[in-house]
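Chemist: Provided below are the primary sequence and the corresponding predicted coordinates.
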Amino acid sequence: MIKSNNGLFKYNYPLIVSVFCLGGFALCLIAFYPGYMSVDSIVQYESALSGVYSDWHPPIMSLVWGVVANFKQGPESLLVLHLAVLWLALALITIRLRKFRASTLVCLLGVLPWVINFSGVLWKDIGGAYALLACIAILTGKPNWKNLCAFFLLIFYASNVRHNMLVPAVPLCFFAFRYWNDLPNRHAVLYTLVVILAIKFCGNIINYQVLDAEKTYPENYMIVDDLAQLSLNQERSLLNGVEFSDIQDCAEVDINGTKTVARHFCLIGKDSYSNNNPLKNSDLKEVWLEAVFDDPLHYVFYRLDAFGYLMRSPDKSPYFIWLYGGRENRFSMGYQDNYMTELVRDYVLKTSNYFPFLFKPYWWLVVTFILIILGLLCKKTYLSKLSVAISISSVLYLFTYIPAVPMADFRYIYWSVNATSLSVIFMIIFLLNPTTENQS
């Protein structure tokens with residue numbers, strides 16, 4: 001828990017912070033109203049309204065969207081929820097750190113160009129990131145049973161709207177047990193393990209037993225990329241029923257700036273693939289395991305190459321940092337840019353033009369490692385240790401894409417961008433208040 005020093009403010013600091021965050025909430029709501037939607041978002045919205053779920057998109061997110069849609073029909077219900085969680089979390093953190101110099105930097109996180117760019121897009125990446133951000137807000141408060149329940153409920157939601165968020169949740173859970181609740185290391189490790197396993201188990205029960213979600217094998221999308229690449233190395237098709245010549249043809253096709261991943265979008269146009277669509281093959285994982293064990297070195301090098309494509313080296317341009325409006329849909333929802341929309345879009349795109357590295361994942365990976373080293377070398381206070389935990393969460397999330405890069409979209413590292421930005425702010429606050437006693 002954070003304790004303050006003896007400084008006093010002349011003004012009503014909580015009120016000022018609340019007004020600023022309310023203004024940030026309103027700005028984002030107006031700019032993105034009624035919520036920007038990609039094809040994935042529209043599919044999830046249809047699921048939310050129909051109550052028919054599949055695991056290609058997170059059923060629990062569709063469930064929550066359906067619940068909030070009861071209050072206001074339309075996609076804007078989820079937009080309001082996401083933005084409320086973001087700005088409430090920032091307000092709580094800022095107010096709880098109010099006697100620390102530079103604490104107001106926290107509430108500025110929501111208007112950073114690499115955060116606001118996707119804040120109004122209705123994706124699982126965004127909802128999961130804001131849930132984890134709310135967890136950090138809870139960790140700056142008092143450790144009581146209500147806060148503990150809210151913390152693990154948010155961890156559960158984040159981990160079930162985007163499955164690889166279970167990994168970055170681990171250091172936050174450990175921190176909650178070890179430092180927030182002041183338990184010994186061995187107990188913190190044990191309880192963290194129990195919580196993570198419980199989240200995984202309960203998530204499966206809710207998805208498949210309670211919500212009766214259809215199993216669609218979404219992991220097959222990445223497995224197709226692996227098997228297509230391994231097929232080229234072995235000079236034979238490892239995809240049952242798919243002609244090797246089709247795999248060779250698609251290996252030369254550039255898809256969204258790469259010939260490394262997303263082979264499905266080329267192969268689906270081939271008769272041998274479309275007639276034997278492996279995305280629906282429940283046995284594809286067994287074929288994949290056998291192929292990987294037969295040629296593990298080639299698999300590792302391929303996946304590292306795909307990860308490099310996601311990281312965007314300095315000579316490559318940022319990729320997919322803004323979603324333009326919505327998509328055609330059967331709900332006849334129209335999207336009309338307004339002054340705020342144009343203001344935010346120009347702000348994001350001009351920043352990317354002048355400082356393109358800020359929209360490349362490799363930059364955030366480097367900064368995160370620097371923060372971890374700096375945090376370990378600094379005096380151990382609650383705030384410095386929390387900064388380290390957040391940084392570890394960020395880098396673990398980035399590393400989850402080593403075996404599973406779907407595309408180079410900047411949104412795939414959205415949690416890491418938020419986490420690292422907050423960790424930088426925490427480290428600045430700590431360095432400006434190095435002698436402040438801040439652990440209860």
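Modeler: Alright, I've got the coordinates.

Chemist: For Leu193, give its distance to Val167.
Modeler: 13 Å (Cβ to Cβ, to the nearest Å). C-beta coordinates here come from the backbone N, C-alpha and C atoms, glycine included.

Chemist: And those two? Which one has more around it.
Modeler: Between Leu193 and Val167, counted using other Cβ atoms under 10 Å, Val167 has the larger neighbour count: 16 against 13.

Chemist: Can you list phi and psi of the more buried one for me?
Modeler: Per-residue torsions, Val167: phi -70, psi -50 (degrees, to the nearest 10).

Chemist: right, and it touches Thr400 too?
Modeler: Yes: in this structure, Val167 is within contact of Thr400 by Cβ atoms under 8 Å, at 5.1 Å.

Chemist: Poorly predicted segments of the stretch 301-440 of the chain, please.
Modeler: Filtered on pLDDT under 70, the stretch 301-440 of the chain yields the residue ranges 325-334, 435-440.

Chemist: repeat that for 80
Modeler: Low-confidence segments of the stretch 301-440 of the chain (pLDDT under 80): 325-336, 434-440.

Chemist: Show me where it has its helices.
Modeler: 339-354, 361-377, 382-399, 414-432 (DSSP state H, counting those that start in this stretch).

Chemist: Which among the ones you listed is found nearest to Ala137?
Modeler: Among the helices of the stretch 301-440 of the chain, the nearest to Ala137 by Cβ to Cβ is helix 414-432 (10.0 Å).

Chemist: List the buried residues of the closest one.
Modeler: Applying a neighbour-count criterion of 16 or more other Cβ atoms under 10 Å, one finds 414-430 buried in helix 414-432.

Chemist: ok and it relative to helix 382-399, angle-wise?
Modeler: Going by axes from the mean of the first three to the mean of the last three Cα atoms, to 10 degrees, helix 414-432 is angled at 160 degrees with respect to helix 382-399.

Chemist: List the contacts of stretch 250-261.
Modeler: 222, 225, 228, 232, 262-263, 265-267, 270, 302, 305-306, 309, 316, 319, 405-408 (Cβ atoms under 8 Å, 6 or more residues apart in numbering).

Chemist: what's the straight distance from one end of that stretch to the other?
Modeler: End-to-end distance for stretch 250-261: 11 Å, by Cα to Cα, to the nearest Å.

Chemist: pLDDT on it, on average?
Modeler: Stretch 250-261 carries an average pLDDT of 90.

Chemist: Okay, buried residues for it please.
Modeler: Neighbour-count burial for stretch 250-261 [16+ other Cβ under 10 Å]: Cys250, Thr258, Thr260, Val261.

Chemist: Same check on stretch 202-215?
Modeler: Residues of stretch 202-215 classed as buried: Gly203, Ile206, Asn207, Leu211, Ala213 (neighbour count, 16+ other Cβ under 10 Å).

Chemist: In helices only, show me these.
Modeler: Under the assignment DSSP state H, the buried residues of stretch 202-215 contribute Gly203 to helices.

Chemist: what distance separates the start and the end of stretch 53-64?
Modeler: 12 Å.

Chemist: on that earlier part again, looking at the helices of the stretch 301-440 of the chain, which is closest to Glu46?
Modeler: That would be helix 414-432 among those, by Cβ to Cβ, at 23.3 Å.

Chemist: Quick one: list the elements packing against the closest one.
Modeler: helix 113-116, helix 124-139, helix 166-175, helix 361-377, helix 382-399 (3 or more Cβ pairs under 8 Å, 6 or more residues apart in numbering; DSSP states H and E).

Chemist: could I get those as a markdown table with distance to Thr94?
Modeler: A markdown table is the format used below for the helices and strands packed on helix 414-432 (distance: least, Cβ to Cβ, whole Å):
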| stretch | distance to Thr94 |
| --- | --- |
| helix 113-116 | 15 |
| helix 124-139 | 9 |
| helix 166-175 | 19 |
| helix 361-377 | 20 |
| helix 382-399 | 13 |
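
Chemist: Relative to Pro184, which of those helices is closest?
Modeler: Of these, nearest to Pro184 by Cβ to Cβ is helix 166-175, at 12.0 Å.

Chemist: What lies in contact with that closest one?
Modeler: 132, 135-136, 139, 155, 158-159, 188-189, 191-192, 195-196, 199-200, 385-386, 389-390, 392-394, 396-397, 399-400, 415-416, 419.

Chemist: Can you select the buried ones from these in ChimeraX?
Modeler: Buried subset of these, written as a ChimeraX selection, criterion 16+ other Cβ under 10 Å:
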select :132,135,136,139,155,158,159,188,191,192,195,196,199,385,386,389,390,392,393,394,396,397,400,415,416,419
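
Chemist: ok, Asn233 touching Leu297?
Modeler: No: Asn233 is beyond contact range of Leu297, at 10.0 Å (criterion: Cβ under 8 Å).

Chemist: More neighbours: which of the two?
Modeler: Asn233 (14 against 7).

Chemist: Pull up the per-residue confidence for the closest residue to that one other than its chain neighbours.
Modeler: Spatial nearest neighbour of Asn233, chain neighbours left out: His298 (5.1 Å); criterion: Cβ to Cβ, 6 or more residues apart in numbering. Note on His298: pLDDT of 95.
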